[in-house]
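Colleague: Quick check, what structure comes out for this input:
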Amino acid sequence: MATDDRFTAGDELEAGSLQAYLHGIMMKSELNEGRGAYQISNAVLAASGPSFGPIQYDLGSNEDGRTLFNTIAGTAVDADGNRIIDDATLTSIQTSLFKPFNQYTDDDWALYETVKPQMDRALDSEVGREAINQDYLALLDKKVEALDTFIDGIENPDNQAFMRGNTMAQ
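Modeller: Numbering: from 1, shown residues only. Below you'll find the predicted structure:
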């Protein structure tokens, strides 16, 4: 497990780039000043499930988050090379915990409390951090590509030039 819980994917972004700007916004709005991405959290909203990552993937409703979590949980190992979450535990997580917290039974809550430390260790493992960071950087690139496509569609050349030249407007 890493000793620093700070989210690290944005460390190499070029200062002043749109990706860096978006990253700054996301760290303030989605995470606690860049902390908490490598652990499961409870957003406390009735329709939310267990969440992780810099964009707070909600395992209760987000298929991409579930896929990413399953990949990490299926491959993350401890210092001795043993899987942190075995197949039986992963199946229990998928069956009982991939839903909003307001749908949890007492048994679901008991399972959550039991497996949350394993889920946190898997997310905070080398495999977990790398997968979360790569996914996030790809997401930032997609957001910038979508914005570029939108700007390309602006017909007024002055407005298009303004949008291209002003990160705040973007």
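Colleague: Rounded mean pLDDT for the one helix or strand Lys142 maps to, please.
Modeller: Lys142 belongs to helix 126-152 when assigned by DSSP states H and E. Mean pLDDT, helix 126-152: 93.
Colleague: Skip ahead from that helix and say which helix or strand is next.
Modeller: Going down the chain from helix 126-152, the next helix or strand is helix 157-165, by DSSP H and E.
Colleague: Please name every helix or strand in contact with that following helix.
Modeller: Secondary-structure packing of helix 157-165 (3 or more CB pairs under 8 Å, 6 or more residues apart in numbering; DSSP states H and E): helix 126-152. Quick note: C-beta positions are derived from backbone N, CA and C, even for glycine.
Colleague: Just to check, Arg35 is in contact with Phe7?
Modeller: Yes. Arg35 is in contact with Phe7 according to CB atoms under 8 Å; the separation is 6.9 Å.
Colleague: between these two, which one's more packed in?
Modeller: Phe7 (25 against 13; other CB atoms under 10 Å).
Colleague: In space, what's closest to Tyr112 - neighbours in sequence excluded?
Modeller: Closest residue in space to Tyr112, ignoring its immediate chain neighbours: Leu97 at 5.8 Å, by CB to CB, 6 or more residues apart in numbering.
Colleague: swap that for Asp120, sorry
Modeller: Closest to Asp120 by CB to CB, 6+ apart is Gln39, at 4.4 Å.
Colleague: now swap in Gln94 and tell me
Modeller: Asn70 (7.2 Å).
Colleague: Return the distance of that neighbour relative to Asp87.
Modeller: Per CB to CB, to the nearest Å, Asn70 is found 11 Å from Asp87.
Colleague: For Ala9, list the residues it contacts.
Modeller: Ala9 makes contacts with His23, Pro54, Ile132, Asn133, Gln134, Tyr136, Leu137, as judged by CB atoms under 8 Å, 6 or more residues apart in numbering.
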